[in-house]
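Chemist: Please work out how this folds:
(one chain, ligands or ions: 2)
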Amino acid sequence: MARVLLDRKKVYDPILRSIHAWNALAIVLLLLGGRVGEWLGYTPEATSLWRFHVWTGYGLILGLVARATWGLAGPNHARIGALWQPRAWWRALRNRQWFAAPRDWGHHAPATAVYLVFYLLLFGMAATGLALAAIEQGRGPLNFWLGHDVLLKHRFLGPHEWMENAVLAFVVVHIAALIGHEVRHGTPLAQAMVSGFQYRKVDEEEE
Ligand code: HEM
Ligand code: HEM
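Modeler: Numbering: from 1, shown residues only. Ligands and ions are numbered 1, 2, ... in the order given. The predicted model follows:
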């Protein structure tokens with residue numbers, strides 16, 4: 001029988017893990033709230049839900065600021081540099097190995113490109129969301145410039161809706177990729193953002 005030996009290392013610090021959990025929760029609530037709000041149409045319940053959506057949106061913006069700050073001040077595996085790996089992206093592209101077993105410690109190198117695009121997308125959601133909060137509800141930091149200017153609504157609502165689909169797609173692909181890696185490569189992976197520990201295969205022994 002083949003025995004697989006695993007090496008274990010503490011990689012993700014508690015602050016990075018808390019920011020990840022905070023942002024993931026905010027995003028799930030924003031996705032759910034946005035969809036349910038659309039179904040409710042013009043009802044009093046929808047009005048309350050949109051207020052809640054904007055407050056959750058502020059929560060996400062806070063989480064993004066925290067992530068950027070930790071990307072500058074945090075430990076190595078949380079640094080922005082750990083997400084910027086152009087050589088590894090190029091290698092993965094050339095060898096067509098986007099789904100290879102993760103070998104190094106820290107973020108799976110090909111996935112870091114997707115994470116960066118995703119953060120850009122969230123920045124776009126925050127900017128269009130703040131514009132909509134000013135236009136629809138007369139609230140937020142952009143209210144001074146855009147407050148209740150309904151003629152501008154379509155300019156921001158279209159991109160906000162379009163990017164929402166991409167956010168949903170990321171969440172589905174992210175979870176599917178975590179499960180897919182575990183099934184294909186036989187090492188625990190998803191739990192790393194909960195426990196902070198990563199596992200890598202070292203060797204195989206015959207018994
Ligand atoms: C709405 C749900 C989620 C979103 C939006 C999300 C988003 C992200 C993002 C942006 C990163 C990059 C981390 C960084 O900034 O350094 C990441 C990494 C990661 N997430 Fe999630 N996540 C979600 C759910 C989950 C869940 C449920 C798990 C499993 C417990 C999980 C496990 C991980 C792991 C293990 C990594 C690091 C993977 C690697 O080594 O490349 N995520 N996630
Ligand atoms: C991941 C992030 C987000 C997702 C997935 C999301 C999702 C959605 C969805 C699905 C809609 C409905 C679009 C429609 O009516 O067709 C919506 C509308 C809206 N969102 Fe977001 N949103 C996000 C972030 C934000 C942020 C950060 C803010 C502001 C702080 C915000 C403020 C708004 C506002 C004001 C509306 C319009 C509500 C209305 O029609 O009265 N959103 N969002």
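Chemist: which parts of the chain sit against ligand 2?
Modeler: Within the chain, the positions lying close to ligand 2 (Cβ under 6 Å from any ligand atom) are 27, 30-31, 34-35, 37-38, 50, 53-54, 57-58, 60-61, 125-126, 129-130, 132-133, 136, 157, 160-161, 164, 167. Every residue, glycine included, has its C-beta placed from N, CA and C.
Chemist: burial measure for the residue lying closest to Pro102 once chain neighbours are set aside, as a count.
Modeler: Counting by Cβ to Cβ, 6 or more residues apart in numbering, Pro102 lies nearest to His108, which is 4.5 Å off, once chain neighbours are set aside. Other residues within reach of His108, judged by other Cβ atoms under 10 Å, total 22.
Chemist: re earlier: would you show me how to pick out the buried ones of the residues of the chain next to ligand 2 in PyMOL?
Modeler: Only the buried entries of these go into this PyMOL selection, using 16 or more other Cβ atoms under 10 Å:
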select buried, resi 27+30+34+37+50+53+54+57+58+60+61+125+126+129+130+132+133+136+160+164+167
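Chemist: Could you identify the longest helix within this protein?
Modeler: helix 153-185 (DSSP state H).
Chemist: what's the following helix or strand after that helix?
Modeler: From helix 153-185 onward toward the C-terminus, using DSSP states H and E, the following helix or strand is helix 192-195.
Chemist: other SSEs contacting that next one?
Modeler: On a contact count with 3 or more Cβ pairs under 8 Å, 6 or more residues apart in numbering; DSSP states H and E, helix 192-195 meets helix 14-40.
Chemist: In the helix or strand following the helix it packs on, which residues are buried?
Modeler: Downstream of helix 14-40, the first helix or strand assigned by DSSP H and E is helix 44-73. Residues of helix 44-73 classed as buried: 46, 49-50, 53-54, 56-61, 63-64, 66-67, 70-71 (neighbour count, 16+ other Cβ under 10 Å).
Chemist: what's the burial count for the residue nearest to Arg155 when sequence neighbours are not counted?
Modeler: Nearest residue to Arg155, sequence neighbours excluded (Cβ to Cβ, 6+ apart): Ala131, at 8.0 Å. Counted with other Cβ under 10 Å, the neighbours of Ala131 add up to 23.
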